[in-house]
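Undergrad: Generate coordinates for the sequence data below:
(2 chains)
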2 protein chains.
Amino acid sequence: MPTHYEGSKKERIALDSFIKFMRASESVTSKLAHGLADYNLTMSQFGTLEVLYHLGPMCQKAIGEKLLKSGGNITMVVNNLEDRGLVSRKRRESDRRFVSVALTEEGTALIEEVLPHHVELIVEMFGVLSDDEQQRMGEFCKRIGLAAASEEES
Amino acid sequence: MPTHYEGSKKERIALDSFIKFMRASESVTSKLAHGLADYNLTMSQFGTLEVLYHLGPMCQKAIGEKLLKSGGNITMVVNNLEDRGLVSRKRRESDRRFVSVALTEEGTALIEEVLPHHVELIVEMFGVLSDDEQQRMGEFCKRIGLAAASEEES
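TA: I've put the predicted structure just below:
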């Protein structure tokens, strides 16, 4: 992170905001990862359970798209969850070329146990801002995220 | 990401803000990583070169602390940079137990070439917010980051 970069005023403002943003992102991620480690879950494993819980069974590719991870990575994540009996793979009756991943009973029970704690941590961290501030923050992030995503295609 | 979580108003505001924050973080990181890939550098490799460039030679442990990475990871990062002739390891004259990592001439030339492009990307992304908005965003991030970090110790 270019904390010591001497640039124009415009550059220094952007870099300062960027550095605080990246540090916050690291701290938030680290805190959530620690919380999930109590349940022996990585962030990707939790994300997969959560997506299946809220959106229902889906193929690995769709899970990957939801989590913005590469295909190879998701295969390993699903394999590990399957080994623990938290998800199962089933060939779709309607089209036998497709394999769906679904939560097992154990997986459903685990995500229902973990989710409230995960949400509590998020509310704790983001709750240091007022409701209005959180909404402004969300709006700022959305604009930056869109700028980052649109540039990527150019 | 618990996009479909049905909770209290307070929970929904925090989750909405959190999701936009995490998505922005992923988009920003992805865009910067793509930019660095043009120079065949990972984010950790770039971070290491940048830290050595702005703060001077230091031991691996100090680099790791600056980048918030585990020791093992930094060893690999420094090894790869050393293989490419971008950094060199030297035993300190003042205390021969310590090994310092320093930029080579090639490393200095590369970071001086890459840094302006990296900063330009950051200014492009964060510049969609006004100066005032960027400063508010930075302030919000700082408060959330501190909340996340302080909780971790408890």
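Undergrad: so where's the longest helix in chain A?
TA: helix A:9-37 (DSSP state H).
Undergrad: got the buried residues for that one?
TA: For helix A:9-37, the neighbour count (16 or more other C-beta atoms under 10 Å in any protein chain shown) marks A:11, A:13-28, A:31-32, A:35-36 as buried. In short, each C-beta sits where N, CA and C put it, glycine included.
Undergrad: same thing with stretch A:105-125?
TA: So stretch A:105-125, judged by 16+ other C-beta under 10 Å, has buried residues A:G107, A:T108, A:L110, A:I111, A:V114, A:L115, A:H118, A:V119, A:L121, A:I122, A:V123, A:M125.
Undergrad: Go back to the residues you listed and keep what's next to chain B.
TA: By C-beta under 8 Å from any C-beta of the partner chain, the members of these lying near chain B are A:L115, A:H118, A:V119, A:L121, A:I122, A:V123, A:M125.
Undergrad: quick one, the longest helix of chain A and helix B:9-37 angle?
TA: 120 degrees (axes from the mean of the first three to the mean of the last three C-alpha atoms, to 10 degrees).
Undergrad: is chain B contacted by helix A:9-37?
TA: Yes - contact of helix A:9-37 with chain B (C-beta under 8 Å from any C-beta) involves A:10-11, A:13-18, A:20-28, A:30-31, A:34.
Undergrad: related to what we said a few turns ago, JSON lines please, covering the ones next to chain B among the buried residues of stretch A:105-125 and showing secondary structure.
TA: Converted to JSON lines, those look like this (DSSP: H, G, I helix; E, B strand; the rest coil):
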{"residue": "A:L115", "secondary structure": "helix"}
{"residue": "A:H118", "secondary structure": "helix"}
{"residue": "A:V119", "secondary structure": "helix"}
{"residue": "A:L121", "secondary structure": "helix"}
{"residue": "A:I122", "secondary structure": "helix"}
{"residue": "A:V123", "secondary structure": "helix"}
{"residue": "A:M125", "secondary structure": "helix"}
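Undergrad: could you redo those as TSV and give each row distance to A:G56?
TA: Converted to TSV, these look like this (distance: C-beta to C-beta, whole Å):
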residue	distance to A:G56
A:L115	16
A:H118	20
A:V119	20
A:L121	25
A:I122	23
A:V123	26
A:M125	29
